[in-house]
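Asker: what's the 3D shape of this:
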Amino acid sequence: MLKLKVNNKDIEIEEGLTVLQACEKAGVEIPRFCYHEKLSIAGNCRMCLVEIEKSPKPVASCAMPATEGMNIKTNTSFVEKSRKGVMEFLLANHPLDCPVCDQGGECDLQDQSLFYGVDKSRYKENKRAVAEKNMGPLIKTQMTRCIHCTRCIRFATEIAGVPELGAIGRGENMEITTYLEKSMESELSANVVDLCPVGALTSKPYVFEARPWELKKTESIDVMDAIGSNIRVDTYGWEVKRILPRINEDINEEWISDKTRYACDGLLNQRLDTPLIKYNNKFDKASWNEVNNIIKAKIKETSSDKICGLTGDLTNMETLFIFKEFFNKCLNSKNLESRNDDVYLNPEKRENYLFNSHINGIEESDFIFLIGSNPRYEATILNARIRKAYLKNKTKIVSSNNVGDLTYHYDFLKGKTGDIKEIVEDKHPLSNIIKLSKKPLIILGQSVLSSNSGRYIFESIKYFLKKNGKINNEWNSLNIISENASTVGSFDLGIFQNNNVSNQVLSNLKNQKYELVFLLGRDNLKFKKKNEFIIYQGSHGDKGAEIADIILPGSAYTEQNGYFTNLEGKLQKAYKASYPPGEAREDWKIINDLAEVVNNKKLFNNREELESSLINYLNLMYEKNNSTKETDVKDLVFENENIIINNIDYYYSNSIARASKTMFKCRNEKTKLESTGTEG
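Answerer: You can find the predicted model right below:
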């Protein structure tokens, strides 16, 4: 520990900290523009000047290491004069755009010029002007405002792994640009908007929409993937205007993906706002009583084994739980399924479908093996953690397939299931690497679990890891990447039919064995309708609504409270930020009211009762799902085949994203880059 003084106050700090960090430990706030905790130190802006005893000049505290016996002063007239001088330089070329700038009200330069700015300038020359740059459909540029802090450059290079931003020119002619005037090829690109301390980079879809003080802010959880990124939903009236990240070091740090940030405009489009009934291939509006009575009549004339329910990828756990209760108590049916296809699932232990090493555990790993996964599109934030581990610890990364640019270097195998068989049988060089690693990370994607050898690969990998001590109380190397926000929650609630061979519900559905089909927000269903009567409940007029006979308008994730369990098994709550449109209702209420019509009794009297029942059920399931039963690997059937990684339409992965104009523009931009051969 180092002992030093900050403003005559004695403090002790760990070795390796900078003067700026030492001051923060002492509770002193230091102004800064270029310094950021997650980025490398640049020392560009000089705003963080402090006085150090025996130093004739002020020192940039962000770049100066703290040493034993230092006497640091941050509040002297010398420091104040130095900072005012720096602010004067920064404002020499900065345009007076505050009244029309989207950054107004949450701008670092605006805040700090209040304390260190002066009311007149000594510079009479014309201010410089810099042309706007094309950074794609998400980022609006006004580069005349840029103060050259280089945060955006460092983020693109270090965190996003796309070194496409940089500075050209020198001195007053310096400009920050993408060189080729094209979109940043990253699914994290819009984080530069949050990082920009001035209004040089602002949000293009949000331009001139609202001022920060006009917005209602609600802390919530993202559902665009299974990560469970912590977000803040900003609403104006009932309309969601923007989504920003919240800091959670265990999950998303302070980054979110572009889809998380910008798919929210899809909440306005293609909305279902009234119950609908299909007559002569055309939908007509109906009342809630009318649709509930028709559903009741259909249920009465259909035997329970001819009824099935399929749940969607954005459904919260309260809705899943009440849907299961509705099937068990009102319909006497167990034909429920949450998977899209024959993905192998072993529900005996909860660890069999979780990311057991945890997202922040990736940084501790010394070897990462990706099997049938493209984490860049399946779990963007998780992929950023893998890149962080690669840069920070030089972690060796191997993939079963060549999946293109993952933003870090990796070795790849032939893309055959035979490679995995050799590894688990100790006939491959990777076998020893895994055994000698202290904390290896084996990541299985949904693509490999849905292959013919999915069961063999999962069970044999698990057996191999267990045999070699890589699954224990301190570290579990077995990790599954779930693709959807509701996947883990659905498995926790037992919404699946399992016989280890095929997905029974989907198999029966394809063979037209069901007469009545409930789709609960299920839109990604590969199914050709014949004579089935289909009831669709959801928020958007998407693929599920197209084939429905009755449509029940539900709520989106920002319009109701709801729990979601992320891929590592953390239960988090999304909070209501706005209201569903028209006659649409919260999902759990729709099912509760339907249960009352069908069974003359509501399943739950109120939301509190539903939530407490859900939590009690989950606690019991967590205890049960720790069975000691293990699969006998000798009985497993192996098939030598190619591991084909599912093609993910990243910007169109769910009904909200498909309704988003911004996601449509991003998808077009990506297609354009691919067709011109500039991607990657």
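Asker: rest of the way, CA atoms for contacts and neighbours
Answerer: OK.
Asker: name the element residue 11 belongs to?
Answerer: Under the criterion of DSSP states H and E, residue 11 resides in strand 9-13.
Asker: keeping just the C-alphas, turn that strand into CSV.
Answerer: Coordinates of each C-alpha in strand 9-13 appear next as CSV, following Å, rounded to 0.1, in the frame of the first residue of the first chain:
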residue,chain,number,x,y,z
LYS,A,9,-5.7,14.4,3.9
ASP,A,10,-3.7,11.2,4.5
ILE,A,11,-4.8,8.2,2.4
GLU,A,12,-3.6,4.7,1.7
ILE,A,13,-4.0,3.3,-1.8
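Asker: quick one: the helix or strand following that strand to chain centroid distance?
Answerer: Next along the chain after strand 9-13, taking DSSP H and E as the criterion, comes helix 19-25. On the basis of C-alpha atoms, centre = their mean, to the nearest Å, helix 19-25 is displaced by 32 Å from the centre of the chain it belongs to.
Asker: residues of helix 19-25 that come out buried?
Answerer: Taking 16 or more other C-alpha atoms under 10 Å as the basis for neighbour counts, the residues of helix 19-25 that come out buried are 19-23.
Asker: likewise for stretch 341-361?
Answerer: Neighbour counts over stretch 341-361 (16+ other C-alpha under 10 Å) mark 341-361 as buried.
Asker: okay, how far is it across it, tip to tip?
Answerer: When the termini of stretch 341-361 are compared using C-alpha to C-alpha, to the nearest Å, they are 30 Å apart.
Asker: now do the same contact list for residue 88.
Answerer: 117-118, 121 (C-alpha atoms under 8 Å, 6 or more residues apart in numbering).
Asker: picking up where we left off before, what are the pairing partners of the strand holding residue 11, and which direction each?
Answerer: Looking at strand 9-13 with DSSP bridges, its paired strands and their directions are strand 2-6 (antiparallel).
Asker: and the strand it pairs with, what's its mean pLDDT?
Answerer: For strand 2-6, mean pLDDT is 89.
Asker: check the offset of that strand from the chain's centre.
Answerer: Averaged over its C-alpha atoms, strand 2-6 has a centre that lies 40 Å from its chain's centre (C-alpha atoms, centre = their mean).
Asker: now residue 324. Its backbone dihedrals?
Answerer: Summarising the backbone geometry of residue 324 under the convention degrees, to the nearest 10, its torsions are phi -70, psi -40.
Asker: tell me the spacing between it and residue 227.
Answerer: Counting by C-alpha to C-alpha, the gap between residue 324 and residue 227 amounts to 24 Å.
Asker: settle it for me: which of these two has more neighbours?
Answerer: In this view residue 324 and residue 227 are compared by other C-alpha atoms under 10 Å, and residue 227 has more residues nearby, 29 against 22.
Asker: so that one lies in a helix, does it not?
Answerer: No - Residue 227: not assigned to a helix; according to DSSP: H, G, I helix; E, B strand; the rest coil it is coil.
Asker: check contacts around it.
Answerer: Residue 227 sits next to 251-252, 379, 381-382, 485, 566-568 when contact means C-alpha under 8 Å, 6+ apart.
Asker: so residue 72 lies in a strand, does it not?
Answerer: Yes - when the secondary structure is assigned by three-state DSSP, residue 72 falls within a strand.
Asker: kindly state the beta-bridge partners for it.
Answerer: Per DSSP bridges, the residues bridged to residue 72 are residue 6, residue 52.
Asker: can you report how many residues neighbour it?
Answerer: Residues contacting residue 72 under the criterion other C-alpha under 10 Å number 23.
Asker: that one and residue 163: what is the separation?
Answerer: Taking C-alpha to C-alpha as the criterion, residue 72 is separated from residue 163 by 37 Å.
Asker: same thing with residue 558?
Answerer: Using C-alpha to C-alpha, one gets 34 Å for the distance from residue 558 to residue 163.
Asker: likewise for residue 447?
Answerer: Per C-alpha to C-alpha, residue 447 is found 30 Å from residue 163.
Asker: need the contact list for the nearest residue to residue 161 once chain neighbours are set aside.
Answerer: Excluding the flanking residues, the one nearest residue 161 by C-alpha to C-alpha, 6 or more residues apart in numbering is residue 407, at 4.8 Å. Applying C-alpha under 8 Å, 6+ apart, one finds that residue 407 lies in contact with 160-162, 387.
Asker: now for those residues, which pair is the farthest apart?
Answerer: Using C-alpha to C-alpha, the contacts of residue 407 reach their maximum pairwise distance at 162 and 387, which is 11.4 Å.
Asker: which residue of these two possesses the greater neighbour count?
Answerer: For residue 162 versus residue 387, the count of surrounding residues by other C-alpha under 10 Å is larger for residue 387: 25 against 21.
Asker: and the pLDDT for the more buried one?
Answerer: At residue 387, the model reports a pLDDT of 94.
Asker: doesn't residue 405 make contact with it?
Answerer: No - Residue 387 is not in contact with residue 405 according to C-alpha atoms under 8 Å; the separation is 11.6 Å.
Asker: the stretch 301-450 of the chain: helices as residue ranges?
Answerer: Counting by DSSP state H, counting those that start in this stretch, the stretch 301-450 of the chain has helices at residues 317-325, 375-378, 380-393, 417-424, 429-436, 446-449.
Asker: could you dump those helices to JSON lines with distance to residue 82?
Answerer: What follows is the helices of the stretch 301-450 of the chain, written out as JSON lines (distance: least, C-alpha to C-alpha, whole Å):
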{"stretch": "helix 317-325", "distance to residue 82": "56"}
{"stretch": "helix 375-378", "distance to residue 82": "45"}
{"stretch": "helix 380-393", "distance to residue 82": "35"}
{"stretch": "helix 417-424", "distance to residue 82": "62"}
{"stretch": "helix 429-436", "distance to residue 82": "55"}
{"stretch": "helix 446-449", "distance to residue 82": "57"}
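Asker: for residue 267, find the nearest of the ones you listed.
Answerer: Using C-alpha to C-alpha as the measure, helix 317-325 is the one of the helices of the stretch 301-450 of the chain that comes nearest residue 267, at 19.1 Å.
Asker: which other helices and strands contact that closest one?
Answerer: Packing partners of helix 317-325 (3 or more C-alpha pairs under 8 Å, 6 or more residues apart in numbering; DSSP states H and E): helix 487-492, strand 562-565, helix 587-599, helix 607-624.
Asker: can you do 7 Å?
Answerer: Packing partners of helix 317-325 (3 or more C-alpha pairs under 7 Å, 6 or more residues apart in numbering; DSSP states H and E): strand 562-565, helix 587-599, helix 607-624.
Asker: centre of the chain to that helix, how far?
Answerer: Using C-alpha atoms, centre = their mean, the mean C-alpha position of helix 317-325 is found 23 Å from that of the whole chain.
Asker: contacts for that helix, please.
Answerer: Helix 317-325 is touched from outside by 489-490, 493, 562-564, 587-588, 591, 610-611, 614, with contacts defined as C-alpha atoms under 7 Å, 6 or more residues apart in numbering.
Asker: what's the angle from it to helix 607-624?
Answerer: Interaxial angle of helix 317-325 relative to helix 607-624 (axes from the mean of the first three to the mean of the last three C-alpha atoms, to 10 degrees): 80 degrees.
Asker: okay, buried residues for helix 317-325 please.
Answerer: Going through helix 317-325 with 16+ other C-alpha under 10 Å, the ones that come out buried are 317-325.
Asker: nearest to residue 652 among the buried residues of helix 19-25?
Answerer: Distance to residue 652 across those (C-alpha to C-alpha) is lowest for residue 21, with 42.3 Å.
Asker: next one, pLDDT for the residue lying closest to the closest one once chain neighbours are set aside please.
Answerer: Once flanking residues are discounted, residue 21 sits nearest to residue 62: 7.6 Å by C-alpha to C-alpha, 6+ apart. According to the prediction, residue 62 has pLDDT 92.
Asker: try the one 3 residues further on
Answerer: Confidence at residue 65, expressed as pLDDT, is 91.
Asker: and if you look at residue 499?
Answerer: The predicted local confidence for residue 499 comes out at a pLDDT of 63.
Asker: ok, residue 271 - contacts?
Answerer: By C-alpha under 7 Å, 6+ apart, the neighbours of residue 271 are 539-541.
Asker: swap in residue 506?
Answerer: In this structure, residue 506 makes contact with no residue, judged by C-alpha under 7 Å, 6+ apart.
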